[in-house]
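Quick one: sequence plus predicted model below, questions after.
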Amino acid sequence: MNNEPERGIQRKLRKRLRVESFFKLLMAASTWLVLASLVLILAIILWKSLPALKLSMITRNPGSGYYLGREGGILNAILGSLQVVFGATLLALAIALPAVVFLTSYLRQKSWLAELIRFSLDVLWGIPSIVYGAFGFLIMITFHLRASLLAGMITVAMVELPILSRALEETIRLVPSDLKEATYSLGASRWQTATRVVLRQVFPGLVTAVLMAMGRGLGDAAAVLFTAGYTDKITTSLLQPVATLPLAIFFQLNSPFPEVQQRAYASAAILTVLVLFISLASRRLSRRLGRHKIS
Amino acid sequence: MNQTSRLRVENLNVFYGQNHVLKNISLSLPDNRITVIIGPSGCGKTTLLRSLNRLLDEQEGVRVEGRVFLDGQDIYQPGVDITLVRKRMGLLSQKPQVLPMSIYDNVAFGPRLLGLRDRRHLDDLVEKYLRLAGLWEEVKGRLQEPASRLSIGQQQRLCLARGLAVEPEVILGDEPTSALDPQSSRNVETQLLNLKENYTIVLVTHILRQARRLADYVAFLYFGELIEFGPASEVLISPRDSRTRAYITGEIS
Amino acid sequence: MSIQRLSRRDRGPELATAPFAFFPVALAGAIFLALLIKAWPLLSLKSLSSLIFSSTWLPSRGHFGLWPFILGTIWVTISAFVLAVPVAILTSLYLSEYAPARVKRIFQPILDLLAGLPSVIYGMWGVLIVVPLVSKYLAPFFGRQSSGYSILAASLVLALMILPTIISVSVEVLNSVPLALKEAALSLGATRFEVIRYVVMKKSFPGMLAACVLGLSRAFGETIAVLMVVGNVPAIPRSLFSPAYPLPALLANNYGEMMSIPGYESALNLAALLLLVIVVGFSLLARWYLVRISRRSS
């Protein structure tokens, strides 16, 4: 029977294909499981927030008796979060930008100094934000500062710094060396090359990085927990305490009153929308700003 | 040779780590002429060109020994400012490298580096150099458009205009037509021939026919050594060295 | 002969930007030192090992055993990791190798959004869904009783939270496997799954590992989402259904208000220091390992 081995191969192939379909099914199942549970998160938050989602949530501060379920909104926390995160991002950018320019323009990529700086950024990147919160608190007591907008900004800036620096360095490293050399051969110094050409070329990437860091800062509760304090008013000075959205959600959720808990869901929906807006904006902007970019 | 040379190379050696890529090169590049450097790929043509405006310095692990004189000044001397050296030599690279900004800003980039801010003066310069590079008529209506929207041939001429705008004395070209279509190549070649009256031009090419069309002088490099250098008519028609002859007749490439 | 590679005009900007580049170095050092100094009063009284391995946590009587918190951190993180990694790998393989383009197009923005979703929202979802799920269904199914506020709930929430990050990085890694390599294997008669198993997985192992480490280091330090569902009971956890009290939760609940009890402040700073050392040590270890395997394979 000379087609006996042929049949053996056939049988083996069928087995191999069965293994393939089994794993393929498994993969598809896990994909849909992930997708479903993620969508479920969004759906549940929206659904739960509907009863409390009124315009007054975003136009008013908490009134008296708000935490017992009476009238009011969380304008204080929305504005407060934006204040903290804008200040923090500016602060982080003011450090990350020159740091990365120095790292990429004035240091050779493999020099020990560059390695040390990159290593420190990696370490900072790994530090949990609660530890930054603790460190921020220690700074506060050292300088006799109380929980305030300023302290919150500084702490969130520390959380954002490594995220920003890493994203910036990665995009700057992608700039073709030919482009830099073209600029050098026009007699530009490295500083001129970095500021007038490289930063221009990576501008869309820079915007994306900044928005990403903002998104992270906006949602970080642990960093502001001990440093920003909380207030029912709108903060007008750097030294006043400031309300933030994640903490507003957290505190309202811990309330025994169902009306207040519902507002926690509504606040969560507002925070989600803000984050969604930032992530959409970053997609849109990076496409729009890229018109001069050399590909 | 009774030609004057403001650009001279003396005993130039270049090492990439342990690799000795340029071996004791000495060469005087005649003023207001086109000198074409030919040779098989990997022989060090581009390295030689990049040593002239010290772009080699930007690469890691490169060591340069020897001297390169520009108007009697050794550009590898300590204390020489690298940006001033580069400003005096324009570079055209293999692939045109336009800067991520408008056509206008590309040409104005060099003058602005030197601190020129006056808008009218800049306008004049931009027009002058775009004309000199033979691009003005094609782009005069859309100077504010991103330079990246130009065709690749136009981009290369824009790079030429941008390089000219810093008022160099020397133009370096590293196979400047290799990424272009035949028509655009012709165009760039014509501009180079027009420009040689006022500039010293050094070109690297691996296309022998291009060397025949453009060269006044030819240098032949082989494995990091300068084998032969002389007027194009001599080197390309009756070379003295057998290796040059072998390269020109296509036996080695 | 030393030539000047930098223009004179670059010296000013170089000097001006250098301090900013050293800032991260200084900050990392400052955080470590500040916590160490603050933890020192306690460390000078008791040995480090007695603080770490003791399980008695009674601040009012001066007992500061951190072992329950350390164990809590490890339990929660490891179980989240074990839950997340297989799912993440299967999903990213499906997305990069099998999924139709349409599915990818839907998935990518959702993953991006969810990777950036604040942890308090995951925590809230945990309180609403996961905690009841554990107390009403999962625990009885295994014959246990549980309030639902448990290690299992925390690790489920955490797993879901780190999934988007791991998946999107893994998909990127998988997509970078050269098509020619896959085609070469396919043309030898391998099935697609065999290509994945013997070629794609092998080629992208370091990258996938890096993606998992990324998720893991995020899980280690996650505070709010875990705090909301883990129960916060300072005792040695016995099973997945018992509550725990990870280090970040300990800090979050007590850090601001620790002044009145002697030694308490020191103990909490020590907890922060331990958390820092664990997370940083872990990610450095992973980095070192990755550098080693990437050197071996190149």
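That came through fine.

Spell out which parts of the stretch 1-150 of chain A neighbour chain B.
A:108, A:109, A:110 (Cβ under 8 Å from any Cβ of the partner chain). Heads up, the C-betas are built off the backbone N, CA and C, glycines and all.

tell me which element the second one falls in.
Residue A:109 belongs to no helix or strand when elements are defined using DSSP states H and E.

That one: how many residues sit nearby?
For residue A:109, the neighbour count with other Cβ atoms under 10 Å in any protein chain shown is 11.

can I assume it is in contact with residue B:59?
No - using Cβ atoms under 8 Å, residue A:109 is not in contact with residue B:59; the gap is 11.4 Å.

Show me the beta-bridge partners of the nearest residue to residue B:163 once chain neighbours are set aside.
Nearest residue to residue B:163, sequence neighbours excluded (Cβ to Cβ, 6 or more residues apart in numbering or on different chains): residue B:90, at 2.9 Å. According to DSSP bridges, the partner residues bridging residue B:90 are residue B:171.

which residues does residue B:90 contact?
Residue B:90 makes contacts with A:185, A:186, B:160, B:163, B:164, B:166, B:168, B:170, B:171, B:172, as judged by Cβ atoms under 8 Å, 6 or more residues apart in numbering or on different chains.

Let me see the confidence value for it.
Here, the pLDDT recorded for residue B:90 equals 89.

Near the closest residue to residue B:87 other than its chain neighbours, how many other residues are there?
The spatially closest residue to residue B:87, leaving aside those adjacent along the chain, is residue A:187, at 2.9 Å (Cβ to Cβ, 6+ apart). Neighbours of residue A:187 under the rule other Cβ under 10 Å: 25.

I'd guessed residue B:71 sits against residue B:8; true?
No - counting by Cβ under 8 Å, residue B:71 stays clear of residue B:8, with 9.6 Å between them.

Could you find the closest non-adjacent residue to the residue most central in space within chain B?
Geometric centre of chain B, nearest residue: residue B:172, 1.2 Å, by Cα atoms, centre = their mean. Nearest-residue entry for residue B:172: residue B:91, 4.8 Å, with adjacent residues in sequence omitted and distances by Cβ to Cβ, 6+ apart.

now the residue nearest to the centre of chain B: how far from chain C?
According to Cβ to the nearest Cβ, to the nearest Å, residue B:172 stands 19 Å off from chain C.

Then residue A:257?
16 Å.

Report pLDDT for that residue.
Confidence for residue A:257, expressed as pLDDT, is 88.

What about it, how many residues nearby?
Counted with other Cβ under 10 Å, residue A:257 comes out at 13.

Now for the residue lying closest to it once chain neighbours are set aside, how many residues are close by?
Spatial nearest neighbour of residue A:257, chain neighbours left out: residue A:69 (4.7 Å); criterion: Cβ to Cβ, 6+ apart. Residue A:69: 15 surrounding residues under other Cβ under 10 Å.

Who are the contact partners of residue A:69?
So residue A:69 contacts A:257, A:258, A:259, A:260 (Cβ under 8 Å, 6+ apart).

The first one and chain B: what is the separation?
Note on residue A:257: its distance to chain B, by Cβ to the nearest Cβ, is 56 Å.

Repeat that for the second one.
Counting by Cβ to the nearest Cβ, the gap between residue A:258 and chain B amounts to 56 Å.

any low-confidence regions in chain A?
Counting by pLDDT under 70, chain A contains low-confidence ranges at A:1-4, A:295.

Contact residues of the stretch 151-253 of chain B facing chain A?
Checking the stretch 151-253 of chain B against chain A by Cβ under 8 Å from any Cβ, the hits are B:159, B:162, B:163, B:166, B:172.

Around residue A:230, how many other residues sit close by?
Residue A:230 has 17 nearby residues by other Cβ under 10 Å.

Give me the spatial nearest neighbour of it, chain neighbours excluded.
residue A:243 is the one closest to residue A:230 (Cβ to Cβ, 6+ apart), at 5.2 Å.

near chain A at all, the helix or strand containing residue C:209?
Assigned by DSSP H and E, residue C:209 belongs to helix C:201-221. Yes - Helix C:201-221 is in contact with chain A by Cβ under 8 Å from any Cβ, via C:217, C:220, C:221.
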